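Undergrad: Below is the structure, and that's it, no one-letter string:
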């Protein structure tokens, strides 16, 4: 009997677990910690969803109606746990079990086509396929600069609240959603914050006309490029432009899709109130003094690094994971690793917009691939080679949702064509 392995019991892992169980597959799920929910247990207290409650949920399991439009971290954590309890997943997940290695079963065929040996802290098993759902928001990335900073330093993953800060002069490095959240948190507690913004970015509010952006019905009639334009125009009316905020660099890209976008209207608010200053890139450190690329220098007590994460898969040999721009190269809307069969990523891509629904959508495609492999016999159907031969490779984690949705549709089309071709070939082979 075939059996499958899921690595991780965060939102991606439990979504994959339920989807595959629902499709009738036998699955083991290993979780290094003793809980489900991953980073939602340890994220900073000021974190709220940037997507609407009613758009950010598992299939057929909406968030509670009494939640606010943009739930806070602990509410999202409780929601994820409730999903696992509702489906009885706690009885299936093997907690406090670290996956140490995932190695392909030796074969003369494509790598992975004979299955995978998964070795955990509790032993080893061979699986017909492996779903990697360990997340991409846990292996912190901190850049290096000349000199030494002698104040306190925390990565965003280590920051809980302003009680973690030494002194009252804080430098936030990184101007994505997390960096802006941290700068706002510092400002709202009446500490002095600067934020490094090296490149111009577009700021978008969470809501227009009192409603979450994703729930504006009138936008649904427009194409993605038209929605991009309308969103920029609405933001210009409500927030203004980069030139309205001292120190803000001009965006180099013309559209939201081409460049970086931050869903946060409070950072510009606090810039205009003088609680947050904007500074350019860091050149070097000297004690508590930070020298910037424009020749200025300022002293800080604490640096908060909101500089992102490495997309790490430590249990796979590095030679099995070709990378580009630091991220694994994938196909099939971020699901299929380059050069491997019967191994799948769920959650190794982050289409802009609600994340939780993405995991179930990806796993549905995984289930179709698993079915094709099983129908093909012991060594599978070489789905990875088939898809990678017909699609461009993908190295993005952050990706415009419309582009990702097109990739999903193309992968569905290719899988349907593969299934049709191989089902038609069976009678012909039997008559030979």
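TA: The structure has been received and is ready for your questions. Predicted model, so just to flag it, every value in this text is computed and none were measured. Numbering: from 1, shown residues only.
Undergrad: Surely residue 375 forms part of a strand?
TA: No. According to DSSP: H, G, I helix; E, B strand; the rest coil, residue 375 belongs to no strand; its state is helix.
Undergrad: Burial check on it, number of neighbours?
TA: By the criterion of other C-beta atoms under 10 Å, residue 375 has 13 neighbours. The C-beta positions use only the backbone N, C-alpha and C, and glycine is treated the same way.
Undergrad: ok, now how distant is it from residue 369?
TA: Residue 375 sits 11 Å away from residue 369, taking C-beta to C-beta, to the nearest Å as the criterion.
Undergrad: ranges for the helices of this protein?
TA: 11-22, 73-86, 177-188, 224-238, 266-272, 356-376, 383-388, 401-431 (DSSP state H).
Undergrad: Just send these back as CSV, with mean pLDDT too.
TA: Shown next, in CSV, are the helices of the chain (pLDDT from 0 to 100):
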stretch, mean pLDDT
helix 11-22, 98
helix 73-86, 98
helix 177-188, 98
helix 224-238, 96
helix 266-272, 97
helix 356-376, 97
helix 383-388, 98
helix 401-431, 83
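Undergrad: Distance-wise, check the residue nearest to residue 184 when sequence neighbours are not counted relative to residue 241.
TA: Spatial nearest neighbour of residue 184, excluding adjacent residues (C-beta to C-beta, 6 or more residues apart in numbering): residue 266 at 4.6 Å. From residue 266 across to residue 241, the span is 17 Å (C-beta to C-beta).
Undergrad: Looking at those two, which has the bigger crowd around it?
TA: residue 266 (18 against 15).
Undergrad: Could you give the number of residues near residue 171?
TA: For residue 171, the neighbour count with other C-beta under 10 Å is 27.
Undergrad: quick one, what contacts it?
TA: Under the criterion of C-beta atoms under 8 Å, 6 or more residues apart in numbering, the contact partners of residue 171 comprise 193-196, 279, 290, 298, 300, 302-304.
Undergrad: what does residue 227 give?
TA: Taking C-beta under 8 Å, 6+ apart, we find residue 227 in contact with residue 219.
Undergrad: how much space between it and residue 238?
TA: Applying C-beta to C-beta, the value for residue 227 to residue 238 is 16 Å.
Undergrad: cool, and residue 104?
TA: The gap separating residue 104 from residue 238 is 52 Å, by C-beta to C-beta.
Undergrad: Looking at those two, which is more packed in?
TA: Between residue 104 and residue 238, counted using other C-beta under 10 Å, the more crowded position is residue 104 (21 against 14).
Undergrad: Across the sheet, point out what pairs with the more buried one.
TA: Residue 104 has these beta-bridge partners by DSSP bridges: residue 116.
Undergrad: check contacts around it.
TA: Taking C-beta under 8 Å, 6+ apart, we find residue 104 in contact with 111-112, 114-117, 320, 340.
Undergrad: Now those residues in JSON lines, please, with extra columns for pLDDT and distance to residue 353.
TA: Formatted as JSON lines, the contacts of residue 104 follow (pLDDT from 0 to 100; distance: C-beta to C-beta, whole Å):
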{"residue": "111", "pLDDT": "98", "distance to residue 353": "34"}
{"residue": "112", "pLDDT": "98", "distance to residue 353": "31"}
{"residue": "114", "pLDDT": "97", "distance to residue 353": "38"}
{"residue": "115", "pLDDT": "97", "distance to residue 353": "35"}
{"residue": "116", "pLDDT": "98", "distance to residue 353": "32"}
{"residue": "117", "pLDDT": "98", "distance to residue 353": "37"}
{"residue": "320", "pLDDT": "98", "distance to residue 353": "31"}
{"residue": "340", "pLDDT": "98", "distance to residue 353": "28"}
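Undergrad: Return the member of those residues nearest to residue 2.
TA: Closest to residue 2 out of the contacts of residue 104 is residue 115 (8.7 Å), distances taken as C-beta to C-beta.
Undergrad: mind listing what the closest one touches?
TA: Shown in contact with residue 115 (C-beta under 8 Å, 6+ apart): 104-105, 126-129, 342.
Undergrad: Tell me the one of those nearest residue 283?
TA: Nearest to residue 283, judged by C-beta to C-beta, of the contacts of residue 115 is residue 104 at 45.7 Å.
Undergrad: Tell me the bridge partners for the spatially most central residue of the chain.
TA: Nearest to the geometric centre of the chain sits residue 350, at 4.1 Å (C-alpha atoms, centre = their mean). Under DSSP bridges, the beta-bridge partners of residue 350 are residue 398.
Undergrad: I figured it hits residue 362, correct?
TA: No. If you go by C-beta atoms under 8 Å, residue 350 and residue 362 don't touch, sitting 11.6 Å apart.
Undergrad: Poorly predicted segments of the stretch 101-250 of the chain, please.
TA: Along the stretch 101-250 of the chain, no part satisfies pLDDT under 70.
Undergrad: Would you map the strands across it?
TA: Along the stretch 101-250 of the chain, the segments classed as strands by DSSP state E, counting those that start in this stretch run 116-120, 123-127, 129-132, 139-140, 152-155, 169-173, 192-196, 202-204, 207-208, 211-212.
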